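J.: Dropping the sequence and predicted coords here.
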Amino acid sequence: MKTILIHGGRLLDPAAGVDAAKDLLLKDGRVAEIAGPGKIKNTGDAEVIDAKGLVVTPGLVDIHVHFREPGQAHKETIASGSAAAAAGGFTAVAMMPNTAPVNDSPEITRGMQAAERGARVRVFPIGAATRGVKGEAINDYAALKAAGVVAVSDDGLPILKESTMREALASAARHGLTVIQHAEDTNMTAGGSMNAGPVAFRLGLRGMPAEAESQLVERDIRLVGELNDLRPHYHVAHTSTAAAIVAIRKARRNGMRVTCEVAPHHFLLTDEHVAEFNTNAKMCPPLRSAADRDAIVEALMDGVVDSIATDHAPHAAHEKEVEFERAPNGITGLETSLGLSLEWLHHQWKLPLGRVLSLMSAQPAALLNLKGRGTLAVGSFADVLIFDPNAEWKYDAAKTLSKSRNTPFDGWTMRGKVHWTISEGKVAFKAEA
Amino acid sequence: MIMTTQANSSARRKVSLPAAPTLPFTHHPGSALSVEHFSLAEITHLLHRAHVLERENPLMRANRLARRRLGLLFYEASTRTRTSFELAAKGLGIDTTLVSNLSSSIEKGESLKDTGLTLKAIGVEAIILRHNSSGAPWLLEQFTGLPVLNAGDGWHQHPSQALLDLRTLLGHVSPRHFTGDAELTAETLKGYTLTIVGDILHSRVARSNMLLLPRLGAEVVLTGPPELLPEIAVTMGRDLKSGGIRIERNFETALEKSDALIMLRVQTERLAGLDLDLEEYKKNYQLTEERLAKYAPKALVLHPGPIIRGLELTSAVADGENSCILEQVHNGLPIRMALVERAYAALDALEMPTLFGQENRR
């Protein structure tokens, strides 16, 4: 592995409290040295990256992606998904277990991390919370954790049964794992294909009510309270409703280990963006009302949200080019998350750059206890993003490194151009000159 | 767009938001996807053309679009809409071909996109689509680039039905508007109250009429039980500049104010998951001779069909003198002739070859 010297950049490492002109030396996959500009001597063999005018920051961490391997390689593989991740500035992603077969065993968990998968950045598997994600019997969390899972979830489906959720929270707590809930009471959303509300009524589509999310979050928070002695960590995936935010905010005030993530599409778009049955605006949870979206933005601003996560969910074109009700849920997001977050959260809404980066790196890394990630302190992994926070560009989905192009953000203006993504000391992505 | 967000608990500030979506493609000017897409001037013209075409010598009329090609693509059962679109097209001299989901490669899993492209390759220049999924005509138009006439999509829209309902109403209310000799305006149906009764949730006919009649100044009243008429239905009227939409749960109160009624069939095939007591429904919302005589003796009774005698209305009402049900069916044909004529006029106006191998005309 080549030694890399990054010089001339502005090091912005919110976890370490650093925002200053610094040079970095990356060696053996770790951050070896940090010093003032020009202070690190190139001993001759280091690759030198000129980061003048650029921000050097911990590589981004996305704790919610779907890479479709094993089972649906036509949508995405670990290799293609992680290449898209690198292009988007991510150096670590956590991969949901709803592959085919479902990741509910140590064998599959290990298979996902095998070198022959060709991952461009670090891929952390999330294990299925229940056998076959059927929501009944919980899996062997000790075995899954030993094989490398960083959390458990039935994402794509909820853990609906109260007794199962209680057991999952208790067992996960004993093994130091987080339970990530896809909060959707499927009894209330059956047949629904978008947010319940005036737009769904007008379009003649069955709606998915906001309460289907918030009521399950409330139920789960009650369980977390009941299991308080075990200090379970409960995390709400892709939070989309004002009512769920209210419940999460309250739980945290009460000192519970309750965290949440939001996706860029939920802080930017509303159900109006379904427009004329755009299947690239169909995902689960669906785009919500303007009031819900405003509450999500507010929660990002005031710190209730712990992480931005993409819920990157690739689907082949022919799968999305069907009747709206028949189209699968999900959109891609890895290549647009940083650009949208910088454009809207930072440039438009004035959230400080460090806060945005923290929501995309330090906080998600801490949330899943990814040691040595989300910071560039000496000794941590050499996961580095070097980018220009002000550069404006337009997203062209046709050029994606993902195998799929199902995004509502094609042609949108983005801010913040990724120049280099370095994963554990290796260049995973380099922008064309 | 501007919104206010609470940045800190104290300071409220204004932030801009991403613009409302720009529609991904422009519609074919010959398409009839939603009744919203028609201006009042355009509807006046359609009424006029319907009137002219209806009275024209059939042999002359059949020369208008002789040997042009049209596809009828039906994913759902239909009697009135299919036959009247088919006879309308044939009346203009068009060769039609019918593809139904039950007797075609759709059964083998062919997608809507591929079915549409296949019809286009055969030389079909316009497609009439009936589909059980809301929005399907938008998809078909997007992928074929052909004018698509929406013959009913899911719960969503049924524009030709709303137009023929309007023609039927105008035949009783205003003959000069019926013939298209007078321009429709936001005042044309001012003071006129039309009540839609029953299964509004599942009804594309209700939605299309709710988007059309208030634009002419009419007051639209919705009545039905909450399972079939959710409160949210009134939001359909929130952007109205004229007329209005409101809910009146009591059928008899609604009847008293009604100049016309649109009775709807309870769509039992779409009731999955709904626990509806049909006996209770009949008790509260069935249109009987007694109710009609007592509360709305002069009201016109419309129904898009199919009617279920003894459920939403009694046989006596269906056959009674207030009933316009067969008149509606009759009005459907000329309206659909006008819509088909409009589609081909738009094609010809684009002055592009429509033969196989040519690219989309946009």
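T.: Yep, it's here. Note that the structure is predicted; figures quoted are calculated from it, not measured.
J.: ranges for the helices of chain A?
T.: Using DSSP state H, the helices of chain A run over A:78-87, A:106-113, A:141-147, A:162-174, A:186-189, A:198-203, A:211-226, A:242-253, A:264-268, A:290-302, A:317-320, A:337-340, A:353-360, A:362-367.
J.: residues touching residue 295, list them.
T.: Since no chain was named, I'll use chain A. Residues near A:A295 by Cβ atoms under 8 Å, 6 or more residues apart in numbering or on different chains: A:T241, A:A242, A:I245, A:V246. Backbone N, C-alpha and C define where each C-beta goes, glycine included.
J.: ah, I was thinking of chain B
T.: B:Y295 neighbours (Cβ under 8 Å, 6+ apart): B:E252, B:L255, B:E256.
J.: and which of those residues is nearest to chain A?
T.: B:L255 (24.7 Å; Cβ to the nearest Cβ).
J.: ok, now how distant is the nearest residue to that closest one once chain neighbours are set aside from B:K257?
T.: Nearest residue to B:L255, sequence neighbours excluded (Cβ to Cβ, 6 or more residues apart in numbering or on different chains): B:Y295, at 3.7 Å. Distance, B:Y295 to B:K257, by Cβ to Cβ, to the nearest Å: 9 Å.
J.: got it, and B:L339?
T.: 32 Å.
J.: Looking at those two, which has the bigger crowd around it?
T.: Shown here are B:L339 and B:K257; by other Cβ atoms under 10 Å in any protein chain shown, B:L339 has more neighbours (29 against 14).
J.: Give the other helices and strands that the host helix or strand of the more buried one contacts.
T.: For B:L339, the element it lies in under DSSP states H and E is helix B:325-349. Of the remaining helices and strands, those touching helix B:325-349 by 3 or more Cβ pairs under 8 Å, 6 or more residues apart in numbering or on different chains; DSSP states H and E are helix B:40-55, helix B:80-91, strand B:126-131, strand B:148-153, helix B:159-173, strand B:300-302.
J.: highest average neighbour count across these?
T.: Compared across the helices and strands packed on helix B:325-349, strand B:148-153 shows the largest average neighbour count, a mean of 29 (mean count of other Cβ atoms under 10 Å in any protein chain shown).
J.: of all the helices and strands packed on helix B:325-349, which lies closest to A:T375?
T.: Closest approach to A:T375 among the helices and strands packed on helix B:325-349 is made by strand B:148-153 (53.0 Å; Cβ to Cβ).
J.: can you give me the strands for the stretch 51-200 of chain A?
T.: Using DSSP state E, counting those that start in this stretch, the strands of the stretch 51-200 of chain A run over residues A:55-58, A:60-65, A:90-95, A:122-125, A:127-128, A:151-153, A:178-181, A:194-195.
J.: export the ones you listed to JSON lines and tack on mean pLDDT and distance to A:L376?
T.: As requested, those are arranged in JSON lines below (pLDDT from 0 to 100; distance: least, Cβ to Cβ, whole Å):
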{"stretch": "strand A:55-58", "mean pLDDT": "98", "distance to A:L376": "5"}
{"stretch": "strand A:60-65", "mean pLDDT": "98", "distance to A:L376": "13"}
{"stretch": "strand A:90-95", "mean pLDDT": "98", "distance to A:L376": "11"}
{"stretch": "strand A:122-125", "mean pLDDT": "98", "distance to A:L376": "15"}
{"stretch": "strand A:127-128", "mean pLDDT": "98", "distance to A:L376": "29"}
{"stretch": "strand A:151-153", "mean pLDDT": "98", "distance to A:L376": "24"}
{"stretch": "strand A:178-181", "mean pLDDT": "98", "distance to A:L376": "24"}
{"stretch": "strand A:194-195", "mean pLDDT": "98", "distance to A:L376": "40"}
